[in-house]
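Asker: Below are the sequence and a predicted model; questions follow.
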Amino acid sequence: MCGIVGAVSDSAVDRQTIERMRDRLVHRGPDHAGLWHSADARICLGHRRLSIIDLDVRSNQPMRSHDGRFVVTFNGEIYNYRVVRRHLEKEGVRFRTESDTEVLLETYRRWGASSLDQLSGMFAFALWDGQERRLFCARDRAGEKPFYYAFVNETFVFASEIKGLLDWPGLERHIDYQAMIDFLTFGFVADPKSIWRGVRKLPPAHAMTVELRDDGRTIVNEPERYWALPFVDRSGYATAEEIRATLLRAANEMAIADVPLGTFLSGGVDSSTVTAALSLSGHAVRSFTIGFDVAAYDERRWARQIADRYRTTHVERTVEPSDMVSVIDNLGWHYDEPFNDYSSVPTYCLCREARRSITVALSGDGADELFAGYGKYQRLVRRSELLGMFPVALARAMAEVARRALPEGSQWRRTLAQYGMNAPEMLADMLCIGFPLRLLRQVARGPLAEALRNYDPHRLVEQLLVAAPPGEVGLVNAMRHLDLALTLPGDILTKVDRASMAVSLEVRPLFLHRDVMELAAGIPAGALASHGASKLALKQAVRPWLPDALIDRPKQGFAMPLPKWLGQDSVITTAVREAQSSGPLAELLDMGRVSQLSAAHIQGKRNFTAVLYSAFVLDQWFTRWMPA
């Protein structure tokens with residue numbers, strides 16, 4: 001795993017500027033700092049390396065092809081690089097290193113943009129073709145690795161993190177208030193937006209090109225999708241045996257590394273499956289678990305069962321309220337943008353603990369999205385069943401009664417209200433984990449209120465549903481599509497990438513292996529979720545690997561007891577109170593109203609965890625990233 005930066009310009013690029021941008025990302029690659037500058041000085045690529053495969057200095061980056069035509073700066077891993085390498089060697093290609101980076105270079109030489117079809121892995125890279133005078137940029141299928149870019153004064157600049165762009169002269173920090181609305185509702189800034197108007201993200205499964213024309217102009221072409229995963233029910237879908245076999249092959253392929261490797265083991269089905277697959281594919285396993293002194297959130301006893309069954313070298317650590325205070329400011333620097341998923345705190349603590357003894361960890365991220373593991377999938381099945389029993393008008397009337405009768409902040413009020421919505425509205429509302437849109441419209445002030453007059457975050461969901469209309473693919477498959485396109489890259493994978501890279505740890509999500517994703521996409525919705533259970537196909541497949549009691553227990557999720565901690569007079573509730581009278585947060589939100597919600601939460605009357613944490617995160621972000 002690494003950090004990448006670079007620039008393509010109509011004039012000479014200053015090397016020292018690129019070096020400063022590159023070294024902002026030292027945490028992503030502490031092992032080597034590299035720079036390549038073209039002869040005419042108009043292209044400059046930088047790289048920070050975390051050495052994983054082929055530790056020899058010959059594999060440092062930016063890497064040039066043997067003939068000097070191609071230069072690449074690459075973040076990620078190509079899992080099937082050995083297979084691709086053997087194919088190229090049969091065609092006469094000779095390699096100088098044992099790295100996947102050189103395979104990437106030669107794969108692009110052989111297939112050009114179509115090379116992405118050959119690659120199984122996680123990646124973000126920029127590859128310069130000196131003959132065509134073109135920069136080719138690409139991001140992996142699921143969006144595991146980040147790629148930010150901007151076009152400033154005829155110069156295209158890019159980096160693995162926004163902070164890597166901030167040293168570029170002329171890059172102005174103007175807030176994109178639509179992106180801020182995304183954060184306050186979804187909990188993150190959705191692709192392709194960023195919190196800054198002039199900075200964009202290359203979406204998952206997209207590639208783009210930047211050209212240097214003969215007349216000196218820099219032409220930035222629009223990103224284009226190179227891959228899609230259609231969620232449609234297929235006849236003859238994968239059996240339990242095929243699911244297990246695919247997981248074993250993927251685990252074996254993803255275990256390639258020249259450094260110590262292990263697994264994250266929470267004690268749930270997903271991480272336990274990953275640990276089992278890695279062990280059963282013939283690898284000794286080191287496993288790492290985070291626990292809490294609050295029983296409802298602690299899964300350590302389940303993790304120990306798996307560690308004992310597969311005889312892993314097992315490490316545990318407990319996260320306490322003091323840990324949040326100690327790491328929250330550090331995480332604010334690593335995430336760059338406002339980010340509301342507070343499981344980033346235990347994720348960071350887990351990564352920090354694991355990094356003491358390993359450099360690569362396999363994780364269970366992506367299983368819930370692909371195999372319909374969240375409780376919302378059960379609610380969608382119930383919605384489909386209820387529509388067959390009750391007229392739409394009656395469902396809407398019941399939803400309106402719930403909205404009027406039940407108090408704000410009640411989960412029952414929100415759940416019942418969703419049954420009265422049309423399908424796109426319901427799906428969008430389920431994805432809004434921060435401020436409910438109705439509440440946000442009430443508390444918004446200044447430029448945020450103005451932006452809300454012209455922007456509804458539900459539109460983003462409606463646009464994504466064009467590729468998976470609920471009426472055609474069903475509610476469960478429509479939500480799987482939304483989770484893969486929106487929630488996974490914006491929330492889960494951002495959380496894991498920043499938390500792991502903060503301690504220079506590479507994390508490889510087993511369920512996001514290309515073969516596993518394509519297998520899961522063809523499983524019918526009815527085989528994935530029922531009104532009383534979720535993740536049915538995966539659970540059935542891994543029963544030979546895991547204890548029945550672990551598979552059949554209620555889902556906990558990897559979270560920390562923040563609702564309980566916020567019920568005390570915590571650092572977060574104190575910060576919210578202090579922000580209510582002045583400062584940038586008070587110019588955007590009615591902090592008096594937010595303080596009322598905080599008081600109700602502390603008194604135990606309602607659960608406003610997401611709202612309070614959103615306000616806290618945004619206040620901290622302003623303090624760190626907004627120029628005085």
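Answerer: That came in fine, so what should we check first? Numbering: from 1, shown residues only.
Asker: for the stretch 351-500 of the chain, what spans make up the helices?
Answerer: Assigned by DSSP state H, counting those that start in this stretch, the helices in the stretch 351-500 of the chain fall at 367-370, 375-387, 392-405, 411-418, 423-431, 437-443, 446-454, 458-464, 470-473, 475-482, 493-501.
Asker: Which one of these lies nearest to residue 126?
Answerer: Closest to residue 126 of the helices of the stretch 351-500 of the chain is helix 493-501 (CB to CB; 17.5 Å). C-betas here are computed from N, CA, C, even on glycine.
Asker: Pull the residues that contact the closest one.
Answerer: For helix 493-501, contacts defined as CB atoms under 8 Å, 6 or more residues apart in numbering pick out 1, 3, 27-28, 142-146, 161, 188, 331, 334-336, 339, 341, 343-344, 347-348, 350-351, 361, 363, 365, 506-507, 509.
Asker: just checking, which of these belong to strands?
Answerer: With strands taken from DSSP state E, the overlap with the contacts of helix 493-501 comprises 3, 361, 363, 506-507, 509.
Asker: which of the residues you listed lies closest to residue 279?
Answerer: residue 361 (14.4 Å).
Asker: can you pull the contacts of the closest one?
Answerer: Counted by CB under 8 Å, 6+ apart, residue 361 has contacts 261-264, 288, 351, 354, 500, 505-508.
Asker: could the helices of the stretch 351-500 of the chain be laid out in JSON lines, adding distance to residue 155?
Answerer: Formatted as JSON lines, the helices of the stretch 351-500 of the chain follow (distance: least, CB to CB, whole Å):
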{"stretch": "helix 367-370", "distance to residue 155": "37"}
{"stretch": "helix 375-387", "distance to residue 155": "43"}
{"stretch": "helix 392-405", "distance to residue 155": "51"}
{"stretch": "helix 411-418", "distance to residue 155": "46"}
{"stretch": "helix 423-431", "distance to residue 155": "36"}
{"stretch": "helix 437-443", "distance to residue 155": "36"}
{"stretch": "helix 446-454", "distance to residue 155": "28"}
{"stretch": "helix 458-464", "distance to residue 155": "29"}
{"stretch": "helix 470-473", "distance to residue 155": "42"}
{"stretch": "helix 475-482", "distance to residue 155": "35"}
{"stretch": "helix 493-501", "distance to residue 155": "26"}
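Asker: How confident was the prediction at residue 591?
Answerer: Looking at residue 591, its pLDDT is 87.
Asker: My guess is it contacts residue 585. True?
Answerer: Yes. Counting by CB atoms under 8 Å, residue 585 is a contact partner of residue 591 at 6.6 Å.
Asker: Would you mind giving the helices of the stretch 351-500 of the chain as TSV with distance to residue 625, mean neighbour count and mean pLDDT added?
Answerer: As requested, the helices of the stretch 351-500 of the chain are exported to TSV (distance: least, CB to CB, whole Å; neighbours: other CB atoms under 10 Å; pLDDT from 0 to 100):
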stretch	distance to residue 625	mean neighbour count	mean pLDDT
helix 367-370	29	26	96
helix 375-387	32	19	84
helix 392-405	37	14	64
helix 411-418	32	17	64
helix 423-431	25	21	90
helix 437-443	21	16	93
helix 446-454	17	14	96
helix 458-464	23	17	94
helix 470-473	38	15	91
helix 475-482	29	26	95
helix 493-501	14	25	97
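Asker: Save the contacts of residue 361 as a markdown table, and put in distance to residue 519 too.
Answerer: As requested, the contacts of residue 361 are exported to a markdown table (distance: CB to CB, whole Å):
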| residue | distance to residue 519 |
| --- | --- |
| 261 | 23 |
| 262 | 25 |
| 263 | 21 |
| 264 | 22 |
| 288 | 27 |
| 351 | 28 |
| 354 | 28 |
| 500 | 26 |
| 505 | 27 |
| 506 | 24 |
| 507 | 21 |
| 508 | 18 |
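Asker: of the residues you listed, closest to residue 516?
Answerer: Checking the contacts of residue 361 against residue 516 with CB to CB, the nearest one is residue 508 at 11.9 Å.
Asker: and residue 64, how many residues sit next to it?
Answerer: Counted with other CB atoms under 10 Å, the neighbours of residue 64 add up to 16.
Asker: In contact with it: list those residues for me.
Answerer: Residues in contact with residue 64 (CB under 8 Å, 6+ apart) are 36, 70-71.
Asker: what's the answer for residue 6, then?
Answerer: 18, 43-46, 73, 126, 135, 157-159.
Asker: on contacts alone, who are the packing partners of the helix or strand that contains residue 322?
Answerer: Assigned by DSSP states H and E, residue 322 belongs to helix 321-335. Contacts defined by 3 or more CB pairs under 8 Å, 6 or more residues apart in numbering; DSSP states H and E place helix 321-335 against helix 344-354, helix 493-501, helix 562-566, helix 571-578, helix 609-625.
Asker: what do you get if the cut-off is 6 Å, keeping everything else the same?
Answerer: Packing partners of helix 321-335 (3 or more CB pairs under 6 Å, 6 or more residues apart in numbering; DSSP states H and E): helix 344-354.
Asker: Identify the residues contacting the helix it packs on?
Answerer: With CB atoms under 6 Å, 6 or more residues apart in numbering as the test, helix 344-354 has contacts from 288, 290, 317, 319, 323-324, 327, 331, 361, 495, 499-500, 503, 505, 560.
Asker: ok, back up a step: point out the one among the helices of the stretch 351-500 of the chain that comes closest to residue 542.
Answerer: Among the helices of the stretch 351-500 of the chain, the nearest to residue 542 by CB to CB is helix 367-370 (10.3 Å).
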